[in-house]
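[1] Take a look and give me a structure for this.
(one chain, ligands or ions: 1)
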Amino acid sequence: MATSANVHGHILPISSHETLSEKLNGRWHEKALWGFMAIVLAHWGEHFAQAYQIWVLGWPPSKANGILGLWYPWLIKSEALHYGYAVVMLIGLWVLRKGFAGRSHTWWMVAFWIQVWHHFEHFLLISQATLHHNLMGKPVPFSVLQFFFPRVQLHLFYNAVVFIPMVIAMYYHMFPPKGEAPAACTCSRYKDEKEEAESHA
Ligand SMILES: [Zn+2]
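    A predicted model of the protein is given here:
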């Protein structure tokens, strides 16, 4: 194995030469997934707050701006907040994909491709808000499926259909099905049991 001496003269394997992608999909995968999940849940928080404002408090949808939008309404008016979440989720799903294998990888990529469409819808929305020119002369920015479904419900649906395959992927990643080896990262719970069993052997 290639080695290098550090400042104390110890011999280290050249694992520090791993690329960022290799780290994020290897020894940092578990932490990266938790961080990514925290962002996804913060985004859910915005949508749940908005749903509560509309259906429990009875606010008009135009005033139901979620959490951050209450203090910074421009974040919603400009479409910046939800476009930002859509981009970050797209990047996160893409960057962390290689840590997944087998069935978990399939489900993760299902989430990714649905998010590609969800992001495209948000791209249409932020473009209209930025250019001050809405599709088909609508009074507010519109996206494709918004011609068929109300916006608030549509985006609750979009987030659910991205989130569900993500959670299934993470489940199979933590508990690989029979015949699938645990991935290279520390996420698999079976691996912990195996290591524990070996350390007691
Ligand atoms: Zn992992």
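[2] and His82, that one's in a helix?
    Yes. With DSSP: H, G, I helix; E, B strand; the rest coil as the criterion, His82 is assigned to a helix.
[3] Which pLDDT value belongs to it?
    His82 is assigned 94 on the pLDDT scale.
[4] Distance check, it against Leu125.
    His82 is 8 Å from Leu125, where distance means C-beta to C-beta, to the nearest Å. C-betas here are computed from N, CA, C, even on glycine.
[5] Now that Asn25 has come up, it's in contact with Lys98, right?
    Yes. Between Asn25 and Lys98 a contact is recorded at 4.2 Å, counting by C-beta atoms under 8 Å.
[6] shared neighbours, those two?
    Counting by C-beta atoms under 8 Å, 6 or more residues apart in numbering, Asn25 and Lys98 have no contacts in common.
[7] who's more crowded, those two?
    Just comparing Asn25 and Lys98: by other C-beta atoms under 10 Å the higher neighbour count belongs to Asn25, 21 against 18.
[8] Quick check: closest non-adjacent residue to that one.
    In space, and not counting its chain neighbours, Asn25 is closest to Gly99: 3.8 Å by C-beta to C-beta, 6 or more residues apart in numbering.
[9] give the contact list for the one you found.
    Contact analysis of Gly99 by C-beta under 8 Å, 6+ apart lists Leu24, Asn25, Gly26, His29, Leu33, His173, Ala183, Ala184, Cys185, Cys187.
[10] and the residue positioned nearest the centre of the chain, helix, strand or coil?
    Taking C-alpha atoms, centre = their mean as the criterion, Met89 is the residue nearest the geometric centre of the chain, at 3.7 Å. Three-state assignment for Met89 (three-state DSSP): helix.
[11] Quick check: closest non-adjacent residue to it.
    Residue nearest to Met89 in three dimensions, not counting chain neighbours: Gln115, with 5.6 Å by C-beta to C-beta, 6+ apart.
[12] Pro182 - how many residues pack around it?
    Neighbours around Pro182, by other C-beta under 10 Å: 18.
[13] Roughly how far does it sit from Ser188?
    For Pro182, the distance to Ser188 - C-beta to C-beta - is 4 Å.
[14] Please identify the helix or strand for Val161.
    Per DSSP states H and E, Val161 falls inside helix 151-174.
[15] what do Pro182 and Ser188 both touch?
    Taking C-beta under 8 Å, 6+ apart as the contact rule, Pro182 and Ser188 both touch Pro176.
[16] Just the CA trace of stretch 96-104, in PDB.
    In PDB, the C-alpha atoms belonging to stretch 96-104 read as follows (Å, rounded to 0.1, in the frame of the first residue of the first chain):
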ATOM      1  CA  LEU A  96     -24.400  10.800  -1.900                       C
ATOM      2  CA  ARG A  97     -25.700   8.300  -4.500                       C
ATOM      3  CA  LYS A  98     -22.400   6.200  -4.800                       C
ATOM      4  CA  GLY A  99     -22.500   5.200  -1.100                       C
ATOM      5  CA  PHE A 100     -25.700   3.200  -1.900                       C
ATOM      6  CA  ALA A 101     -25.600  -0.200  -3.500                       C
ATOM      7  CA  GLY A 102     -28.100  -2.800  -4.700                       C
ATOM      8  CA  ARG A 103     -31.700  -2.300  -3.900                       C
ATOM      9  CA  SER A 104     -31.000   0.900  -1.800                       C
END
